[in-house]
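Enquirer: using only what follows, build the 3D model:
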Amino acid sequence: MRHDFRMSEVDVAGGVADPVLRGRFLYNEPMKKHVSWRAGGVARRLYIPADLEDLAWLVRSVPAHEDIYMVGLGSNLLVRDGGVAGVIILLHGVLKRLAIESRIHGLPPEPADIDTALVYAQAGVASPKLARFAANHDLVGGEFWAGIPGTVGGAIAMNAGCYGSETWDKLVQVETLDRQGRLNERRPEEYVVGYRHAALKDAQQEWFIGGWFRLARGDGAASRETIKTLLKKRIDAQPLNLPNAGSVFRNPPGDYAARLIESCGLKGFRIGGAQVSDKHANFIVNLGTATATDIERLIEHVEDSVAARTNVRLIREVQIIGERQ
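Expert: Okay, the predicted model is just below:
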């Protein structure tokens, strides 16, 4: 289902006349301020929308030949040192609605005695905040989101998961924004979903704006204790004291990327200011002086080394955009 925002002025040359834009443009903005690796080049144009309607206006106004990148917390993103053209749009802190809802558009209301509830979360909400919100409303099954260091939009886009659960296990509907600035409500059956992957069967450019999650009613206090346990486990196992982007590579079928990397003697290996963590081999950390080039070269070195020694080609979880310097 699609919803069109009201457009008051359309420029026939290919975009929307933009006096209505209420957000803020930043030019040549250092992206190391907006990605968790704390390294990288500039965004030629970065936009912080005022709200969802403003975001839709902006998307419509960008010419079709220019790239648009939606960014949440930048927890799985690297911008090359040569910078990135197109437009980067920051969603965290803008798309932040989080609520219990009684129904989904087009479906009957939820019965009062049902033993589950619907949680709606917009793309800019931090995944750990979604986990805590659910627990505080006596809903269980979303504790794993506390271990995902990104936003709901990113979690939906890559079917993020940990501790045996994945985001699309809980989704019953998603909300997307297409290149024409229209909102769409889509069901899981419209997507091909797999390990760290979700894509429309009818391929077209859309971005996730939010999602409706079905969670079971249960013991909120127990859920909060589970979240504490999972967070402690994460702190103990991951190098959270240094800038990083979480897991760099997907786990190959039947194995773990960290085990393969460690088996190649790469723990602690460094290029410039970037290092394969000596705490968790599937993390690359910024020791304080890393450039995006250092990090990308180290990623490539790990890929090549593991392929040469184990015959397994690791697949990246992180996204790299922009131009080489």
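
Enquirer: ok, residue 242 to residue 77 distance?
Expert: To residue 77, residue 242 is 17 Å away according to Cβ to Cβ, to the nearest Å. C-beta: built from backbone N, CA, C; applies to glycine.

Enquirer: burial check on the closest residue in space to residue 69 that isn't next to it in sequence, number of neighbours?
Expert: Spatial nearest neighbour of residue 69, excluding adjacent residues (Cβ to Cβ, 6 or more residues apart in numbering): residue 88 at 4.8 Å. Counted by other Cβ atoms under 10 Å, the residues lying close to residue 88 total 27.

Enquirer: and for residue 31?
Expert: 27.

Enquirer: mind pulling the model confidence for it?
Expert: We have a pLDDT of 98 for residue 31.

Enquirer: dump the residue contacts of the residue nearest to it when sequence neighbours are not counted.
Expert: For residue 31, ignoring the flanking residues on the chain, the nearest one in space by Cβ to Cβ, 6+ apart is residue 79 at 4.0 Å. Going by Cβ atoms under 8 Å, 6 or more residues apart in numbering, residue 79 touches 31-32, 35, 40-43, 292, 321-322.

Enquirer: repeat for residue 51
Expert: 22, 94.

Enquirer: ok, now residue 299?
Expert: So residue 299 contacts 248, 284, 316, 318, 320 (Cβ under 8 Å, 6+ apart).

Enquirer: neighbours of the residue nearest to the third one when sequence neighbours are not counted, how many?
Expert: Okay, so that is residue 316. Closest residue to residue 316 apart from its sequence neighbours, by Cβ to Cβ, 6+ apart: residue 249 at 6.0 Å. Number of residues near residue 249 (other Cβ under 10 Å) recorded here: 25.

Enquirer: for residue 265, same thing?
Expert: Residue 265: 12 neighbours (other Cβ under 10 Å).

Enquirer: in which helix or strand does it reside?
Expert: Here residue 265 sits in a region with no helix or strand, counting by DSSP states H and E.

Enquirer: next one: it from residue 281, what distance?
Expert: The value you get for residue 265 to residue 281, if Cβ to Cβ is used, is 10 Å.

Enquirer: also residue 222?
Expert: 33 Å.

Enquirer: the more surrounded of these two?
Expert: Using other Cβ under 10 Å, the more surrounded residue of residue 222 and residue 281 is residue 281, with 25 against 13.

Enquirer: give the contact list for that one.
Expert: Residue 281 sits in contact with 257-259, 261-262, 266-267, where contact means Cβ under 8 Å, 6+ apart.

Enquirer: what subset of the residues you listed is buried?
Expert: 257-258, 261-262, 266-267 (16 or more other Cβ atoms under 10 Å).

Enquirer: among those, which ones are in helices?
Expert: 257-258, 261-262 (DSSP state H).

Enquirer: shouldn't residue 59 be in contact with residue 176?
Expert: No: the criterion here is Cβ atoms under 8 Å, and residue 59 misses it with residue 176 at 11.3 Å.

Enquirer: residues contacting the spatially closest residue to residue 211 that is not a sequence neighbour?
Expert: Of all residues not flanking residue 211 in the chain, residue 174 sits nearest, at 4.6 Å (Cβ to Cβ, 6+ apart). By Cβ under 8 Å, 6+ apart, the contact set of residue 174 is 156, 185-186, 188, 208, 210-212.

Enquirer: name the nearest of the contacts of residue 79 relative to residue 217.
Expert: Comparing the contacts of residue 79 against residue 217 with Cβ to Cβ places residue 35 closest, at 37.3 Å.
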